[in-house]
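A.B. asks: Sequence first, predicted coordinates after that:
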Amino acid sequence: MNLAGRILKLFGWTVRVSVPDYPKCIICVAPHTSNWDFIIGKLAYASVRRKAGFLMKDTWFFWPLGCFFRSIGGIPVPRRKRGERPLTDIIVERFEAADRLAIAITPEGTRSRTCEWHTGFLRIAERAQVPIVLAAIDFHTKIAKIERTFEPVGEATGPEATKFDSISYDEIYNRGLKIMDLTATTLCRENGMKIVVFDMDTPGNLARVIAGEPIGTVVY
């Protein structure tokens, strides 16, 4: 056990990492509710002898903290001005130029409770052709875990799309389906709730769903 693992063990933390050590990947960390997520996350990933960069507001990169954050993989995120290149383009180029690169991203973009995620990490992963590993830090149970891989495959719409009468949450993750909102999928799965996906624009469909008619797709 290395130093990072010893520190976490001293404070009662358990680390569970079962995904492969991908040469390149995006680490999607959610929920993000505290600045302690950064410390616990870095220690947890280091405890399994892996390195990851991370995105952070550029206001934190003042001297001497800026030198420290860059030395441990920090990438400053400036407030975008008109005419400047999108951050997604810059990150994609970093992936293309690197032999090994893992970047942790908190898609919520805030430490406040929210059900809406920024989708830039999905576009980065799709363009750079890298997998997304799903990470969670549970302060109640003191467990930091990375146990699932999500691979975006593009939007599945049009005549070539496949309709499912029912599909499990595990299959959504394993197939890398992203036609549904990933936030809603994760929240419902963790709370044992089913989702019914159907066409709201068709008159009478809502009543049919409430009545239990088999329309749309049931996610369980």
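C.D. replies: That came through, no problem.

A.B. asks: how about low-confidence regions in this protein?
C.D. replies: Within the chain, the ranges that satisfy pLDDT under 70 run 110-116, 152-161, 175-184.

A.B. asks: Wait, E151 touches V133, no?
C.D. replies: No - using CB atoms under 8 Å, E151 is not in contact with V133; the gap is 10.0 Å. Quick note: C-beta positions are derived from backbone N, CA and C, even for glycine.

A.B. asks: Please identify which of those two sits among more neighbours.
C.D. replies: V133 (24 against 18; other CB atoms under 10 Å).

A.B. asks: Assign that one to helix, strand or coil.
C.D. replies: At V133 the chain is in strand, as set by DSSP: H, G, I helix; E, B strand; the rest coil.

A.B. asks: Might you report the residue contacts of it?
C.D. replies: V19, Y22, C25, I26, I27, C28, I146, R148, T149, F150 (CB atoms under 8 Å, 6 or more residues apart in numbering).

A.B. asks: Which ones among those lie within strands?
C.D. replies: Residues of those located in strands (DSSP state E): C25, I26, I27, C28, I146, R148, T149, F150.

A.B. asks: quick one, strands of the protein?
C.D. replies: Using DSSP E, the strands of the chain run over residues 14-17, 24-29, 53-57, 74-77, 101-105, 132-138, 143-150, 166-167, 195-197, 217-219.

A.B. asks: Can you check which of those strands gets nearest to T186?
C.D. replies: Counting by CB to CB, T186 lies closest to strand 132-138 out of those; the figure is 7.9 Å.

A.B. asks: tell me how far stretch 198-215 is from the chain's mean position?
C.D. replies: Put simply, stretch 198-215 sits 31 Å off its chain's centre (CA atoms, centre = their mean, to the nearest Å).

A.B. asks: again, but for stretch 192-209
C.D. replies: A distance of 27 Å separates the centroid of the chain from that of stretch 192-209, by CA atoms, centre = their mean.

A.B. asks: same check, this time on stretch 130-150
C.D. replies: Remark: stretch 130-150 is offset 9 Å from the chain centroid, using CA atoms, centre = their mean.

A.B. asks: what are the bridge partners for the residue nearest the centre of the chain, then?
C.D. replies: The centre of the chain sits closest to C28, judged by CA atoms, centre = their mean, with a distance of 2.4 Å. The partner list for C28 in beta bridges (DSSP bridges) reads I105, L134.

A.B. asks: returning to that earlier point: emit the PyMOL select command for whichever of the ones in strands among the contacts of V133 are buried.
C.D. replies: Burial among those is assessed by 16 or more other CB atoms under 10 Å; the matching PyMOL selection reads:
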select buried, resi 25+26+27+28+146+148+149+150
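
A.B. asks: now for the ones in strands among the contacts of V133, which pair is the farthest apart?
C.D. replies: I26 and R148 (12.9 Å).

A.B. asks: show me where this protein has helices.
C.D. replies: Ranges of helices in the chain, per DSSP state H, are 3-10, 36-47, 65-71, 87-97, 120-128, 169-175, 182-190, 205-210.

A.B. asks: hmm, back to that, possible to save the ones in strands among the contacts of V133 as a markdown table with distance to C188?
C.D. replies: Output for the ones in strands among the contacts of V133, formatted as a markdown table (distance: CB to CB, whole Å):
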| residue | distance to C188 |
| --- | --- |
| C25 | 25 |
| I26 | 23 |
| I27 | 22 |
| C28 | 17 |
| I146 | 21 |
| R148 | 15 |
| T149 | 20 |
| F150 | 16 |
